[in-house]
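>>> the sequence and its predicted three-dimensional model are supplied below.
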Amino acid sequence: MRYRPDGTPLPMIATPVFGYKSHISIDRRYGFIRAAAVTSASHPDGRMLRQVIDRENTGSEVWADSACRSQSNEAWLADRMLTSRIHRRKPKGKSMPIATARANAAKSAIRAKVEHVFAHQNVWSAPVQAMVFNGVSSLHKRIRHVSTLAAAKMEIRAPRSS
């Protein structure tokens, strides 16, 4: 929050969000990614819950951030006999009840595995992007070089006129 010199707060201005978000579903025991989706950073998280739920998963519990908690998502999970372990939000203008805070802490212990996958993804994304870019650039140069050589050989081996 920014303030004027007289101490009154400046109005909040929405800033555009650029980039992307990864939405994943992982195997709880081994941490393997079972389903994934990538959206723009401005896309709401709650709308992606249905796309990343893996129907072949034998587990019946769904662990997610509080951004995924909505009446429609809760009803959708209940219709499919899935148990919601989605975090609960803090009530507006009040402190979080102790029982809710403890429940969220227990859920966070499980969700930490997902965060580890995201951390690993972030550590490797920049070097991989650089390698891919450099690889594509290098490949492009090699193709140009080979095509230039091929064109030169064709000129040398042109059939002689008799």
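Perfect, thanks for sending it.

>>> now do the contacts for Asp54.
25, 34-35 (C-beta atoms under 8 Å, 6 or more residues apart in numbering). Backbone N, C-alpha and C define where each C-beta goes, glycine included.

>>> what's the closest non-adjacent residue to it?
Leaving out its chain neighbours, the residue that sits closest to Asp54 by C-beta to C-beta, 6 or more residues apart in numbering is Arg34, at 4.2 Å.

>>> ok but Leu92 is inside a helix, no?
Not Leu; residue 92 is Lys. No. Read with DSSP: H, G, I helix; E, B strand; the rest coil, Lys92 is coil and lies in no helix.

>>> quick one, phi/psi of it?
The phi and psi values for Lys92, taken as degrees, to the nearest 10, are phi -70, psi 130.

>>> for it, give me the pLDDT.
On the pLDDT scale, Lys92 is placed at 89.

>>> same deal with the one 10 residues further on?
In this model, Arg102 is scored at 92, pLDDT.

>>> and it, what element?
Assigned by DSSP states H and E, Arg102 falls within helix 98-156.

>>> where are the low-confidence patches of this protein?
The model of the chain has pLDDT under 70 over residues 14-18, 118, 120-162.

>>> what is the burial count for the closest residue to Ala37 other than its chain neighbours?
Sequence neighbours aside, His23 is the residue nearest to Ala37 in space, at 4.6 Å (criterion: C-beta to C-beta, 6+ apart). Neighbour count of His23, defined by other C-beta atoms under 10 Å: 18.

>>> the one helix or strand His23 maps to pairs with which strands, and in what direction?
Using DSSP H and E, the element containing His23 is strand 20-26. Pairing partners of strand 20-26, with direction, according to DSSP bridges: strand 33-40 (antiparallel).

>>> contacts made by the partner strand with the rest, please.
For strand 33-40, contacts defined as C-beta under 8 Å, 6+ apart pick out 17, 19-27, 48, 51-54, 56-57, 117.

>>> quick one: buried ones out of these?
21-26, 48, 52-53, 57, 117 (16 or more other C-beta atoms under 10 Å).

>>> of the residues you listed, closest to Trp76?
Closest to Trp76 out of these is Ile53 (8.9 Å), distances taken as C-beta to C-beta.

>>> what about Met12, is that helix, strand or coil?
coil.

>>> can you tell me how far it is from Ser60?
Going from Met12 to Ser60 by C-beta to C-beta, to the nearest Å gives 41 Å.
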